[in-house]
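Participant: Kindly generate the corresponding structure for this input.
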Amino acid sequence: MACLAGTPASAEPLRLFGAGSLREAMTEIATAYGRETGREVSTSFGFSGLMRERIERGEEADVFTSADTGHPLRLLRDGRASRVVLFARNTLCLAAPAGTGLTSETAVRLLLDPGVPLGVFPAVQDPVGDYTLDLFRRIEAEHPGAEAALRARAVVINEAMVGRPLAQGEDWPAALLRDGKMRLHVSYCTTARARLARQVPGLEIAELPASLAVGPAYGLAVLRGARPGAEDLALFILSEAGQRALARVGFTTVTLP
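Facilitator: Residues are numbered from 1 along each chain as shown. As a prediction, this is how the structure comes out:
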């Protein structure tokens with residue numbers, strides 16, 4: 001049995017805040033939890049740092065699933081969370097339009113090529129931006145001078161860069177890659193494979209060499225003052241059903257063999 005106890009279908013929905021990279025997995029988990037318990041879960045997704053700030057400003061949430069452990073732990077230290085636990089891991093990949101020649105063997109060369117426009121997400125707001133800076137530091141150890149060059153060249157992407165209305169369901173990185181405004185993008189492997197590859201025909205995706213592996217570790221927080229059932233939802237995420245939903249999207253699970 002995945003849950004602690006049944007919940008009346010009339011109970012108020014639980015509120016789940018999640019990192020954008022968790023949209024597919026957490027939507028499936030919320031649906032499965034509702035089907036099993038009769039308790040609806042409302043979801044909201046975005047940059048982990050911005051989701052934390054929404055909680056700090058007083059927006060109501062019961063469970064927060066972040067793409068790192070730092071944001072949940074900050075809520076715990078500040079007394080806004082009662083529990084924090086690691087619930088999944090991810091990896092970083094590079095993504096490029098068809099014809100770029102991106103493979104695991106060419107990944108570092110393309111990263112270091114000043115002629116290849118490189119787009120990244122903002123650090124602090126989005127953990128993938130922090131993991132990207134960690135990646136640059138690791139590259140520096142193998143290629144002295146590379147970190148400063150990468151930091152100077154990397155463009156922090158935003159919706160305004162697209163310069164056109166986004167199609168329904170289209171992500172900023174996909175639009176920039178499709179339109180040729182970005183030739184190389186640092187992404188979570190799960191996002192690149194489960195989302196961007198559906199939006200960009202022929203998208204090339206490559207994992208980085210093992211020597212450059214950084215994070216990512218995903219942390220879950222149960223918020224103080226959460227509605228009854230929040231810890232049950234957290235346990236469901238850590239249960240076999242929740243972990244298999246994460247695995248289907250490509251996450252490395254922490255409770256399955």
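Participant: from memory residue 181 sits against residue 117, does it?
Facilitator: Yes. With contacts counted by Cβ atoms under 8 Å, residue 181 reaches residue 117, the gap being 7.1 Å. The way it works is simple: take the backbone N, C-alpha and C, and place the C-beta from them, glycine included.
Participant: where's residue 44, which helix or strand?
Facilitator: Under DSSP states H and E, the secondary-structure element containing residue 44 is strand 41-46.
Participant: Per-residue pLDDT of residue 141, please?
Facilitator: Residue 141 is assigned 94 on the pLDDT scale.
Participant: what's around it, how many residues?
Facilitator: The number of residues packed around residue 141, counting by other Cβ atoms under 10 Å, is 11.
Participant: Can you get me a residue count around the spatially closest residue to residue 125 that is not a sequence neighbour?
Facilitator: The shortest distance from residue 125 to any residue other than its chain neighbours is 4.2 Å, reached at residue 49 (Cβ to Cβ, 6 or more residues apart in numbering). By the criterion of other Cβ under 10 Å, residue 49 has 23 neighbours.
Participant: Check residue 145 too.
Facilitator: If you count neighbours by other Cβ under 10 Å, residue 145 ends up with 9.
Participant: before we move on, what about residue 189?
Facilitator: Counted with other Cβ under 10 Å, residue 189 comes out at 22.
Participant: which ones are touching it?
Facilitator: Residues counted as contacts of residue 189 (Cβ atoms under 8 Å, 6 or more residues apart in numbering) are 90-93, 205, 207, 250.
Participant: Residue 226 contacts residue 63, correct?
Facilitator: Yes. Applying Cβ under 8 Å, one finds residue 226 in contact with residue 63, separated by 7.1 Å.
Participant: The two - which one has more neighbours?
Facilitator: residue 63 (29 against 22).
Participant: dump the residue contacts of the closest residue to that one other than its chain neighbours.
Facilitator: Nearest non-adjacent residue to residue 63, counting by Cβ to Cβ, 6+ apart: residue 16, 5.0 Å away. Residue 16 is in contact with 26, 30, 41-44, 61-65, 233, counting by Cβ under 8 Å, 6+ apart.
Participant: which of the residues you listed are buried?
Facilitator: In the contacts of residue 16, burial by neighbour count holds for 26, 30, 41, 43, 61-65, 233, counting by 16 or more other Cβ atoms under 10 Å.
Participant: other SSEs contacting the helix or strand where residue 31 lies?
Facilitator: Residue 31 is part of helix 23-37, with elements assigned from DSSP H and E. With contacts defined as 3 or more Cβ pairs under 8 Å, 6 or more residues apart in numbering; DSSP states H and E, helix 23-37 has these neighbours: strand 14-19, strand 41-46, helix 230-238, helix 240-249.
Participant: rerun at 6 Å
Facilitator: Contacts defined by 3 or more Cβ pairs under 6 Å, 6 or more residues apart in numbering; DSSP states H and E place helix 23-37 against strand 41-46, helix 240-249.
Participant: buried stuff in it?
Facilitator: When neighbours are counted by 16+ other Cβ under 10 Å, the buried residues of helix 23-37 are found to be 23-30, 32-34, 36-37.
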